[in-house]
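[1] Structure of the sequence below:
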Amino acid sequence: MPWLQNVYYVQCPFPQLLLPSLQSVMFESFWVVADGLFVGNRDSSEDWTFFRENKVTRVINCCGNALDNYWEFQGIEYLTYTWLDTYSQVILDDDDVVAKEIFDFIEEAIDSGGGVLVQSFRGQSRSCCVLAAYLMRKCRWGLRKTLDFLSFKCRALRPNPGFYHQLMAYEEHLETESGETHSRSWDEVEVCDSRFDELVLHNTYMNHRRLAKPDMQVASKLMSMILADCWSNNIATAAFCTSHVCMAMSHHGR
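    Numbering: from 1, shown residues only. You can find the predicted model right below:
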């Protein structure tokens, strides 16, 4: 029965109810990673309104064996892979062919004013690996710093252990290629024209980190007030109100 799903959320502890990961899974089919760059699941791949409103012109389809290139007939350009979400699946090859192909595909779209959607079936694992590799090269960030940023933008992202190990090797490859250690701390930032995009993302993350604690305190107090008022009436009403507080917090954090 559909209402049972809402009851489950009500029975969760308050901190769990407010987790952005739960909010994302409950309410969103796509998330904004940066200007012109999005990550989404199977629902966003078929949402023409999303494509039109965000000027998405290119799609990286990480699971072409499960998701069709739905809007190809509308002129959307697809870069399609048939990766499986398994530990043994190789996304980042030793020759760096795929990572460079993806980087160029994204950069060309953004430079021309278009948007890019990175899609996989749930928008969590394969797409996360692709986005992490792109940001590590683009911003010269270490893996941990990159995953910090991605988890802030969408807490539902979680690459499987096989992809995580590939990203660790990719971090080492990029540093060897550039001859410099990539930034691993949020206290490190270079202010120069060539790193402007990195500076914008850095400031976005730092502003969020400063505001996150007060926001969670306000939300927790609001949740307590709502449930105290609703619980005596009926569980369905409490579930409805709870889900709407989570939705409001999810959109506030975007």
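[2] how about the helices of the protein, start to end?
    For the chain, the helices defined by DSSP state H cover 2-11, 14-17, 20-27, 48-53, 97-111, 126-139, 143-153, 161-178, 196-230, 235-252.
[3] Can you tell me what sits against the fifth one?
    This points to helix 97-111. 35-37, 57-58, 60, 79, 81, 91-93, 115-116, 130, 133-134, 137-138, 170 (Cβ atoms under 8 Å, 6 or more residues apart in numbering). Just so you know, the C-beta spots here come from the backbone N, C-alpha and C atoms, and that holds for glycine as well.
[4] Go again with 7 Å.
    Here helix 97-111 makes contact (Cβ atoms under 7 Å, 6 or more residues apart in numbering) with 36-37, 57-58, 60, 79, 91-92, 115-116, 130, 133-134, 137, 170.
[5] Show me the two of these that sit farthest apart.
    Pairwise distances across these peak at 26.5 Å for 57 and 170 (criterion: Cβ to Cβ).
[6] Please work out how many residues are found near residue 176.
    For residue 176, the tally of surrounding residues (other Cβ atoms under 10 Å) stands at 9.
[7] Renumber starting at 52 from here on
    That works, and once the first residue is 52, the last one we named lands at residue 227.
[8] Could you check the pLDDT of it?
    Per-residue pLDDT puts residue 227 at 94.
[9] now swap in residue 204 and tell me
    pLDDT at residue 204 comes out at 85.
[10] neighbours around it, how many?
    Counted with other Cβ under 10 Å, residue 204 comes out at 23.
[11] Counting neighbours, what do you get for the residue lying closest to it once chain neighbours are set aside?
    Among residues not flanking residue 204 along the chain, residue 84 sits closest, at 5.2 Å (Cβ to Cβ, 6 or more residues apart in numbering). Neighbour count for residue 84, taken as other Cβ under 10 Å: 21.
[12] Residue 84 contacts residue 183, doesn't it?
    No - using Cβ atoms under 7 Å, residue 84 makes no contact with residue 183, being 10.3 Å away.
[13] where does the stretch 102-251 of the chain dip in pLDDT?
    Across the stretch 102-251 of the chain, residues meeting the criterion (pLDDT under 70) sit at 240-247.
[14] again, only this time at 50
    Along the stretch 102-251 of the chain, segments meeting pLDDT under 50 span 243-244.
[15] and the gap between the residue nearest to residue 204 and residue 258?
    From residue 84 over to residue 258 the distance is 16 Å, taken as Cβ to Cβ, to the nearest Å.
[16] One more: residue 194?
    23 Å.
[17] Go through the contacts of helix 148-162 and name the one nearest residue 211.
    Among the contacts of helix 148-162, and counting by Cβ to Cβ, the member closest to residue 211 is residue 142, at 10.4 Å.
[18] ok now do the closest one, which residues does it touch?
    134, 149, 177, 180-181, 214, 217.
[19] try it again with 6 Å
    With contacts defined as Cβ atoms under 6 Å, 6 or more residues apart in numbering, residue 142 is in contact with 134, 180.
[20] and the gap between it and residue 230?
    Taken as Cβ to Cβ, the span from residue 142 to residue 230 is 25 Å.
[21] Tell me how many other residues surround the closest residue to residue 205 other than its chain neighbours.
    Nearest non-adjacent residue to residue 205, counting by Cβ to Cβ, 6+ apart: residue 82, 3.8 Å away. Residue 82 has 23 neighbours, counted by other Cβ under 10 Å.
[22] Residue 82 pairs with what?
    residue 90 (DSSP bridges).
[23] Tell me who's in contact with it.
    Counting by Cβ under 6 Å, 6+ apart, residue 82 has contacts 90, 204-205.
[24] Residue 112 and residue 133 touch, don't they?
    No - the criterion here is Cβ atoms under 6 Å, and residue 112 misses it with residue 133 at 8.9 Å.
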